[in-house]
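K.L.:
predicted coordinates and the sequence they were generated for:
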Amino acid sequence: IRDRSRHSCWTALPIFEKFLPYITLLQDTASKGNFTNVAFPYRKPGSEEVTNYEIRNHGFKGMAAGGDKENSAWIATNADTKATVKNVIFFESAIDAMSFYELKKGYYKLADTAFVSVGGYVSPNQIKNVLNEFPNARVSTAYDKDVNGHLYDVLTYAVAIGKDIRVTKDDNTFNFKWDNKSIKIPQEELTLNRFKDESGLK
């Protein structure tokens, strides 16, 4: 995949104007269709090197093959310094982040908030690296309100409070293990509040 000139053919709408510095176009040179994709560059927090892309096109969404997603994330903020970032909000996709921004009508601003996409599933290193990058920020999640979203809430929360939680799944039950403790929660009952109640981790 070859990185093309940034947003050269955009007719920018207001929401895109805010986020254009964090969006690019990618030419897929491997496929027969020779598609041009909208892409959201992933970087390891603290580095300017692009390590992966979250890709969107008509009927397609995914990550670029061979990239590093485990340690990287899409981060949109134009704060003057890392220390001035007051909020970090995690999303499953960059599109979700932009939609959230639009719905909140400027309540959260790029000048003091970092909008972060984890690209569909959460890696503990993604969360750790982002939180280390913005040590003064309040952490929030805006994942989908489904089973996976609730699981990502738990995993993000665990990293934020410094717990190494291992998760397995048997049939329709999640098994959470940390330190010398473990709990089981049926997937249809999983929420962050339920996890807090069952685990006692505050």
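P.N.:
Okay, I see it.
K.L.:
check which element follows the helix-or-strand element of the chain with minimal mean pLDDT along the chain.
P.N.:
Ranked by mean pLDDT, DSSP states H and E, the weakest helix or strand in the chain is strand 2-3, scoring a mean of 45. Per DSSP states H and E, strand 2-3 leads on to helix 14-19 as the next helix or strand towards the C-terminus.
K.L.:
how far out from the middle of the chain is whatever helix or strand comes next after that next one?
P.N.:
Going down the chain from helix 14-19, the next helix or strand is strand 24-27, by DSSP H and E. Remark: strand 24-27 is offset 20 Å from the chain centroid, using CA atoms, centre = their mean, to the nearest Å.
K.L.:
same deal with stretch 178-194?
P.N.:
22 Å.
K.L.:
pull that stretch out as CSV, backbone CA atoms only.
P.N.:
Provided in CSV are the C-alpha atoms of stretch 178-194 (Å, rounded to 0.1, in the frame of the first residue of the first chain):
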residue,chain,number,x,y,z
TRP,A,178,-5.7,-11.3,37.7
ASP,A,179,-3.3,-11.7,40.6
ASN,A,180,-4.6,-14.8,42.4
LYS,A,181,-8.3,-14.0,41.7
SER,A,182,-10.8,-14.9,39.1
ILE,A,183,-14.5,-14.3,38.3
LYS,A,184,-16.9,-15.5,35.6
ILE,A,185,-19.6,-13.3,34.0
PRO,A,186,-22.1,-14.5,31.3
GLN,A,187,-21.6,-12.5,28.1
GLU,A,188,-25.2,-11.3,28.1
GLU,A,189,-24.7,-9.8,31.6
LEU,A,190,-21.2,-8.2,31.0
THR,A,191,-20.9,-4.5,31.7
LEU,A,192,-18.1,-2.5,33.3
ASN,A,193,-20.3,-1.9,36.4
ARG,A,194,-21.0,-5.6,36.7
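K.L.:
and for that stretch, what's in contact with it?
P.N.:
147, 150-151, 153-154, 157-158, 163-166, 169, 172-176, 195, 198-199, 201 (CB atoms under 8 Å, 6 or more residues apart in numbering). (Each C-beta comes from the backbone N, C-alpha and C, glycine too.)
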